[in-house]
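Engineer: Below is the sequence, then the predicted model.
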Amino acid sequence: MDKKTIVVLFGGQSSEHEVSCVSAVTVINHIDLDHYDIVLVGITKDGKWLLTESVEDITSGVWRNGKKTAILSPDRSKPSLLIMEDNKVEYQKVDVVFPVLHGLFGEDGTVQGLLELAGVPYVGCGVLASAVSMDKLYTKIIVDSLGIRQAAYEPVYAKELEEMSKVVERIENRLSYPVFIKPSNAGSSKGITKAKTQDELIAGLKEAAEHDRKILVEETIVGREIECAVLGGMEAKASGVGEILAAAEFYDYDAKYNNTESKTIISPELPEGKAQEVSDAAVKIFRAVDGYSLSRVDFFLENETNEIVFNEINTLPGFTSISMYPMLWEAKGIAKPQLVEKLIQTAFTRNMK
């Protein structure tokens, strides 16, 4: 059987550039070399696409010094990478793409749109699901229609901050302190703050506005942080659940990636029926946003009520050694090589009737 050429895209322009590189190494190391020829393409923080020679180059970071540009052609008649060096162009056939790109310009539908234009099969959610799920406000609007509880929220546009007193009054009439302030369309907890006072609210709004023009202010849910993995298409299935024990007051970017005291627990003890409730809700939300291939759906188990409260959905979850998505499937008996292959197969079955 002829091998297929798989392009692994990694790096990217978001704040999660380094995490994407680490995730990519995990994915690459578990691709079946008997079935695929792997081509590595790294995207630098300033948006340059570079052909990368090896996993070792990703780990060391020397890939960023590469001399060969490798960009995906949008021409559907000839799905290929255009590899360029010294004014010479070489065409590299592409059969499938595995984007390992977290955050903006990778998880938000932009790369997915390019892949759709090129007619290249790819792993992960499509344009609509990626864009909607990346935008916390629009995810909220969709989940509002499902009857699944989520934190009460107030949307704010950065332009409105010119009249800060009116914005603060509106928020305080809607929500009680403490509140969380989040950029609507930023990745991996970047720009998120918690405000216990009006001064902290104002500072948090200004911070969030540095990351996005849309801001979400949410009530604080005091509870356990629960996550669930989803895999597949229309027949999508959920894994069991995992729990995050954040080392910081909340699971921000540093707590997630830099603080070794943060812990993950697979199959934690929950009140009867709650794990199934989380799994059912995860699949329901995944389908509502037109999800496909993979996502991780995050919830709270509220301390006071024991109610499940939806938090967010991630359409290209991390694949590092501490990432919940592969760990949850391993607990279900799906080892990383099998999981990676299942994900690749979703790329080929996406448009099958």
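Structural biologist: Arrived safely.

Engineer: after the helix or strand of the chain with the lowest mean pLDDT, next one along is what?
Structural biologist: For the chain, counting by mean pLDDT, DSSP states H and E, helix 253-257 ranks last in confidence among helices and strands (a mean of 49). Scanning forward in sequence from helix 253-257 by DSSP states H and E, the next helix or strand is strand 263-266.

Engineer: Which neighbouring elements make contact with that next one?
Structural biologist: Counting contacts by 3 or more Cβ pairs under 8 Å, 6 or more residues apart in numbering; DSSP states H and E, strand 263-266 is packed against strand 237-245, helix 324-331. Heads up, the C-betas are built off the backbone N, CA and C, glycines and all.

Engineer: again, 10 Å this time
Structural biologist: strand 223-232, strand 237-245, helix 324-331 (3 or more Cβ pairs under 10 Å, 6 or more residues apart in numbering; DSSP states H and E).

Engineer: got the buried residues for that strand?
Structural biologist: Applying a neighbour-count criterion of 16 or more other Cβ atoms under 10 Å, one finds 264, 266 buried in strand 263-266.

Engineer: Likewise for stretch 163-183?
Structural biologist: 167, 168, 171, 175, 179, 180, 181, 182, 183.

Engineer: how about the residues you listed in a markdown table, adding pLDDT?
Structural biologist: A markdown table is the format used below for the buried residues of stretch 163-183 (pLDDT from 0 to 100):
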| residue | pLDDT |
| --- | --- |
| 167 | 98 |
| 168 | 98 |
| 171 | 98 |
| 175 | 98 |
| 179 | 98 |
| 180 | 96 |
| 181 | 97 |
| 182 | 95 |
| 183 | 94 |
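
Engineer: So which of those residues belong to helices?
Structural biologist: The helices, defined by DSSP state H, take in 167, 168, 171 from these.

Engineer: just for the stretch 201-350 of the chain, where's the confidence low?
Structural biologist: Along the stretch 201-350 of the chain, the model assigns pLDDT under 70 to residues 247-262.

Engineer: if we can go back for a sec, turn the ones in helices among the buried residues of stretch 163-183 into a markdown table, columns for distance to residue 137.
Structural biologist: Output for those, formatted as a markdown table (distance: Cβ to Cβ, whole Å):
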| residue | distance to residue 137 |
| --- | --- |
| 167 | 15 |
| 168 | 19 |
| 171 | 15 |
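
Engineer: and of these, the nearest to residue 212?
Structural biologist: Comparing those against residue 212 with Cβ to Cβ places residue 167 closest, at 15.2 Å.

Engineer: What is the burial count for residue 4?
Structural biologist: 15 (other Cβ atoms under 10 Å).

Engineer: cool, residue 322 as well?
Structural biologist: 14.

Engineer: thought it was touching residue 22?
Structural biologist: Yes: using Cβ atoms under 10 Å, residue 322 is in contact with residue 22, at 9.4 Å.

Engineer: Only the C-alpha atoms, please, for stretch 290-308, written as PDB.
Structural biologist: Presented in PDB, the C-alpha positions along stretch 290-308 are these (Å, rounded to 0.1, in the frame of the first residue of the first chain):
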ATOM      1  CA  ASP A 290     -21.000  21.600  14.500                       C
ATOM      2  CA  GLY A 291     -18.000  20.000  16.100                       C
ATOM      3  CA  TYR A 292     -16.000  17.300  14.300                       C
ATOM      4  CA  SER A 293     -13.000  15.100  14.900                       C
ATOM      5  CA  LEU A 294     -12.000  16.300  18.400                       C
ATOM      6  CA  SER A 295     -12.700  18.700  21.200                       C
ATOM      7  CA  ARG A 296     -12.200  19.000  25.000                       C
ATOM      8  CA  VAL A 297     -15.200  20.400  26.800                       C
ATOM      9  CA  ASP A 298     -14.700  22.000  30.300                       C
ATOM     10  CA  PHE A 299     -17.200  22.300  33.100                       C
ATOM     11  CA  PHE A 300     -17.500  23.100  36.800                       C
ATOM     12  CA  LEU A 301     -19.100  21.000  39.400                       C
ATOM     13  CA  GLU A 302     -20.500  23.700  41.700                       C
ATOM     14  CA  ASN A 303     -19.700  23.200  45.400                       C
ATOM     15  CA  GLU A 304     -22.900  24.600  46.800                       C
ATOM     16  CA  THR A 305     -25.400  22.900  44.500                       C
ATOM     17  CA  ASN A 306     -23.500  19.900  42.900                       C
ATOM     18  CA  GLU A 307     -24.800  21.200  39.600                       C
ATOM     19  CA  ILE A 308     -22.800  20.800  36.400                       C
END
